[in-house]
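Trainee: could you work out the structure for the sequence below:
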Amino acid sequence: FQQGFAGSDIPSLKLEAEYVYTDSLFYMDHSTAKKLLAFYEQIGTLHCEIDAYGDFLQALGPGATVEYTKNTLNVTKEESELVDMRQRIFHLLKGTPLNVVVLNNSKFYHIGTTEEYLFHFTGDSSLKSELGLQSVAFSLFPSISECSTNKPCIIQSILDSTCSVKPGSVVEYSRLGPDVSVGENCIISGAYIKTTAVLPAYSFVCSLSLKMNGHLKYSAMACGVQDNLKKNVKTLSDVKLLQ
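Mentor: Have a look, this model is predicted:
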C-alpha cells in the first residue's frame, strides 16, 4: 500500500510489504492519569502484576476489544485476579483515544538482553558509534589496547592497576581490588571485590540491596550471561535442572 502526506512536501512512502511499528515510547494526558490514580485508590493493594504495554495500551483506541484480557501466554506468573483486573482496566479506559506518531526515519535499538548489552557496549555497534560511547567512562582503569576490536567497557568504576578485564566485558558501578581477573563477555555490575578473584568468561555478577529487620544489607548474585533467568522448578531437589 501507499501512505501519503496530504498538504505536505514530504513524498509518499511506498511500502512493498506489511510493516509493524513497535511501541517504544508512550505518554498519557492529565485526565487519564487522574482516572488511573482514582482506580488504584479505589481497589487498594494490587495482588497481581499490571503491565503498561499489556494491560493499558491494548484498551485504547476505537478498535480495542476485551478478548486480549484472557490471553496470558506472555505472563511469567499468572495470578488468580489477573483476568478480572485486566477486564476492569479495559472498561475503565474503553473509548480513550490513542494517537500514534510514526517516525519512519527513526532507529530502534534493543538492549534488553545481556548479549545485546555486551554487543552494543563492547562490539562494533552502530549505536556505539552514533552516540560516541567510550570504552572507559568516568573510571579509573589501566590502559586498554587500541588494537583490540572488542574492547572491554568500564563505566563509573575504580579498578586496581593489577586488574585485568578481557575483551567483550562490561564493568559498571563497581570497585575491583588487586589481582581481580574478569574473563571475556562478562557483566559485572555494582560489585565490590577486594580480594584476589577469577571471574570466568560469560559471568554475570551484580549486587542487590536488601532490607532485613529494618537494616540495609547487600547480597551478590552470580549467574551466566546466557542463562535463562525465567526458568524455574517446583522443588529445591530439582534445582540442577536449571542448568
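
Trainee: local confidence estimate at the most centrally placed residue in the chain?
Mentor: The centroid of the chain falls nearest to G112 when counting by C-alpha atoms, centre = their mean (4.0 Å). G112 is assigned 87 on the pLDDT scale.

Trainee: now do Q42
Mentor: Reported pLDDT for Q42: 93.

Trainee: on that earlier part again, what about the residue nearest to the centre of the chain, helix or strand, and which?
Mentor: If you go by DSSP states H and E, G112 is not part of any helix or strand.

Trainee: ok, A64 - contacts?
Mentor: Neighbouring residues of A64 by C-beta atoms under 8 Å, 6 or more residues apart in numbering: 58, 90, 94. The way it works is simple: take the backbone N, C-alpha and C, and place the C-beta from them, glycine included.

Trainee: apart from its neighbours in sequence, what residue is nearest the second one?
Mentor: Sequence neighbours aside, A59 is the residue nearest to F90 in space, at 4.4 Å (criterion: C-beta to C-beta, 6 or more residues apart in numbering).

Trainee: test my guess that Q87 contacts V66.
Mentor: Yes. Assessed by C-beta atoms under 8 Å, Q87 is found in contact with V66 at 6.3 Å.

Trainee: can you give me the strands in this protein?
Mentor: 2-3, 13-14, 136-137, 153-155, 158-159, 164-165, 170-172, 175-176, 180-182, 187-189, 192-193, 197-199, 203-212, 215-224 (DSSP state E).
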